[in-house]
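> Please work out how this folds:
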Amino acid sequence: MEDKSRRQEIKDSLNQHYDWPCVYEFKFIVPTVPNREKELIALFSVDVEVKTKTSKNAKYRSFTINSVMLSADEVLERYAKASEIEGLIAL
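Predicted coordinates:
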């Protein structure tokens, strides 16, 4: 029950700060493993802006992804799918 409550709080906050549809900026850190990076990018349509930066020791790569989202639910859905990627950190 607590997860639903927290999800609703986040959804309400997103709806207060954004007018849908809009470009939403996602930030993730992923271990530098090609399949994991491909998994992350596959969650988004082809018309997204992706900026990457490799960590100093090249073990991790940060991703900033700007994508048009239609609703807060769509944003939460992307985060839920991304959370299934092993080693991913969502910011």
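> So in that sheet, which strands flank the helix or strand containing S62, and in what orientation?
Assigned by DSSP states H and E, S62 belongs to strand 60-69. Strand 60-69 sits in its sheet next to strand 22-31 (antiparallel), strand 49-54 (antiparallel), going by DSSP bridges.
> now the angle from the following helix or strand past the first one to strand 49-54?
Toward the C-terminus, strand 22-31 is succeeded by helix 34-42 as the next helix or strand (DSSP H and E). With axes from the mean of the first three to the mean of the last three CA atoms, to 10 degrees applied, the angle from helix 34-42 to strand 49-54 works out at 150 degrees.
> Show me what counts as buried in helix 34-42.
36-37, 39-40 (16 or more other CB atoms under 10 Å). (Glycine included, C-beta is placed from N, CA and C.)
> The longest helix that the chain contains - contacts with which helices or strands?
Looking across the chain with DSSP state H, the single longest helix is helix 2-17. With contacts defined as 3 or more CB pairs under 8 Å, 6 or more residues apart in numbering; DSSP states H and E, the packing partners of helix 2-17 are helix 72-82.
> Mind listing residues that contact the helix it packs on?
7, 10-11, 14-15, 18, 20, 24, 26, 28, 40, 43-44, 67, 69, 88, 90 (CB atoms under 8 Å, 6 or more residues apart in numbering).
> What are the phi and psi values at I85?
Backbone geometry at I85, expressed as degrees, to the nearest 10, gives phi -80, psi 120.
> Tell me who's in contact with it.
Counted by CB under 8 Å, 6+ apart, I85 has contacts 30, 36, 39-40.
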